[in-house]
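Undergrad: what would the 3D arrangement of this be:
(one chain, ligands or ions: 2)
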Amino acid sequence: MTELITIGEPLVVFAAKQENLSLTDATEFHKGIGGAELNVAIGTRRLGHSVQYITQVGQEPLGMYITKTIDQMDIGTDYVFKDPNHSTGHQLKQLVSYGDPEVANYRKGSAASHLTPSSIKSIDLSGVKIAHLTGIFPAISETALETLQLLMKRLNDQHILITFDTNLRPALWKNTQIMRNTINKLASHSDIVLPGIHEGKVLVGTDDPEKIANFYLNQGQTKTVVVKVGSKGAYVKTSEDQGRFIPGFKVAKVIDTVGAGDGFALGLITALLENKSTEVAVLRGNAIGAMQVQTPGDNDGYPSSEELKNFYKKVGISEENGVNNVVR
Ligand SMILES: Nc1ncnc2c1ncn2[C@@H]1O[C@H](COP(=O)(O)OP(=O)(O)OP(=O)(O)O)[C@@H](O)[C@H]1O
Ligand SMILES: O=C(O)C(=O)C[C@H](O)[C@H](O)CO
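TA: Ligands and ions are numbered 1, 2, ... in the order given. The predicted structure follows:
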């Protein structure tokens, strides 16, 4: 039985080791794995919950590297399909001393983009508590979108809670209007929607968190919206309560912002799996987002239960009292 299921495109990430060099000039790289949904799977497993990851990889060294690595992490690979004809997506990522790193993606026509709806029919959803979906996978190909739509229909039919991170990747879409319409439609079939504040501006046309939340709460089945506001934390509103900000955690130095949103999502998901309140789930999302920005990889800041406890201890809060303790 699996608590969390997710579907996405894994990327082999070659992260530059030399600070502030362009990707053209960098010569030394560290090989790791990324991909938004896989990041969530990794962090969720690290906190002790069971996960199945649905994807397709090439039958070549990068595909084998992904499969071997996630298998060693004890993430379920029952639905990691193999494609002998296409290779696995990969990415070069810059190391910067400030701001977002430059990335170069090599993912067009990847094995994952050739996943088709037929792969969804075999998936056993019994016992699954939460499914995590994002706006990246449906952007990589028409068949990926159809595959996601079929999975969503099966999840909705079985009343399995869906968390949806809008995760905009404009370069993967034909144009902004198609991106906006498709993502907002997918969001309407999700229970918890997790846009970033800048994404809200593109998707809803405002950067007022309350207005962004109201937009999603007024369409489809969405009952909770959390708008992520970078270092400031997050704004949460449900269909039953007034919205509120839950402040973020101060960090000594931001090393790499990639994977913070996924860290937030997995913090929220794991807390909900442990029957914590929505507000505690947002607090844990903030904590794991803050831990992730202090590390160079896409998912190496995600904590074990022990590391999460130590993080709270260091800032002098616990999950039980932390929501109302705004001095961080
Ligand atoms: N500089 C920071 N300091 C502390 N916490 C941070 C910082 N940046 C991000 N976080 C935490 O991580 C969460 C997610 O970050 P962000 O708001 O950038 O999400 P996002 O827009 O989804 O990001 P991503 O680019 O990873 O998709 C924030 O809500 C916050 O809790
Ligand atoms: O999946 C992608 O598009 C990536 O850029 C890989 C990163 O690990 C991911 O986006 C972080 O959210």
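Undergrad: now do the same for the closest residue to residue 252 other than its chain neighbours: helix, strand or coil?
TA: Leaving aside its chain neighbours, residue 252 sits nearest to residue 294 (7.2 Å; criterion: C-beta to C-beta, 6 or more residues apart in numbering). (Glycine included, C-beta is placed from N, CA and C.) Judged by DSSP: H, G, I helix; E, B strand; the rest coil, the three-state class of residue 294 is coil.
Undergrad: pretty sure residue 210 is touching residue 237, no?
TA: Yes: here residue 210 lies in contact with residue 237, judged by C-beta atoms under 8 Å, at a distance of 6.7 Å.
Undergrad: neighbour-wise, which of those two wins?
TA: Here residue 210 and residue 237 are compared on neighbour count by other C-beta atoms under 10 Å; more neighbours surround residue 237, at 21 against 14.
Undergrad: in the sheet, who's paired with the more buried one?
TA: residue 225 (DSSP bridges).
Undergrad: let's see stretch 226-235 as PDB, backbone CA atoms only.
TA: Extracted C-alpha coordinates of stretch 226-235, given in PDB (Å, rounded to 0.1, in the frame of the first residue of the first chain):
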ATOM      1  CA  VAL A 226      -1.800  28.000  -0.500                       C
ATOM      2  CA  VAL A 227       0.000  30.900  -2.200                       C
ATOM      3  CA  LYS A 228       3.800  30.700  -1.700                       C
ATOM      4  CA  VAL A 229       5.500  34.000  -1.100                       C
ATOM      5  CA  GLY A 230       9.200  33.200  -1.100                       C
ATOM      6  CA  SER A 231      11.100  34.200   2.100                       C
ATOM      7  CA  LYS A 232       7.900  35.700   3.500                       C
ATOM      8  CA  GLY A 233       6.300  32.300   3.800                       C
ATOM      9  CA  ALA A 234       2.800  31.500   2.600                       C
ATOM     10  CA  TYR A 235      -0.800  32.600   2.600                       C
END
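Undergrad: tell me, what's touching residue 210 and residue 237 both at once?
TA: Between them, residue 210 and residue 237 have residue 243 as joint contacts when contacts are counted by C-beta atoms under 8 Å, 6 or more residues apart in numbering.
Undergrad: mind listing the strands for the stretch 1-150 of the chain?
TA: Secondary structure of the stretch 1-150 of the chain (DSSP state E, counting those that start in this stretch): strands at 4-7, 11-19, 29-34, 51-58, 80-83, 90-95, 103-106, 130-134.
Undergrad: please enumerate the strands of the stretch 201-328 of the chain.
TA: Along the stretch 201-328 of the chain, the segments classed as strands by DSSP E, counting those that start in this stretch run 224-228, 233-238, 244-247.
Undergrad: specify the angle between the second one and strand 224-228 in degrees.
TA: Using axes from the mean of the first three to the mean of the last three C-alpha atoms, to 10 degrees, the direction of strand 233-238 lies 170 degrees away from that of strand 224-228.
Undergrad: what's the burial count for the closest residue to ligand 2 within the stretch 1-150 of the chain?
TA: Closest residue of the stretch 1-150 of the chain to ligand 2, C-beta to the nearest ligand atom: residue 34 (3.0 Å). When counting by other C-beta under 10 Å, one arrives at 24 neighbours for residue 34.
Undergrad: who's in contact with the closest residue to it other than its chain neighbours?
TA: Counting by C-beta to C-beta, 6+ apart, residue 298 is the residue found nearest to residue 34 once chain neighbours are left out, at 3.4 Å. Taking C-beta under 8 Å, 6+ apart as the definition of contact, the neighbours of residue 298 are 13, 32, 33, 34, 35, 39, 93, 258, 259, 262.
Undergrad: can you name the residues that contact the residue most central in space within the chain?
TA: The residue lying closest to the centre of the chain (C-alpha atoms, centre = their mean) is residue 262, at 3.4 Å. Counting by C-beta under 8 Å, 6+ apart, residue 262 makes contact with 36, 37, 39, 40, 43, 165, 292, 298, 299.
Undergrad: do residue 173 as well
TA: Contacts here follow C-beta under 8 Å, 6+ apart; on that basis residue 173 touches 139, 179, 182.
Undergrad: reformat those as CSV; add pLDDT.
TA: What follows is the contacts of residue 173, written out as CSV (pLDDT from 0 to 100):
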residue, pLDDT
139, 98
179, 98
182, 98
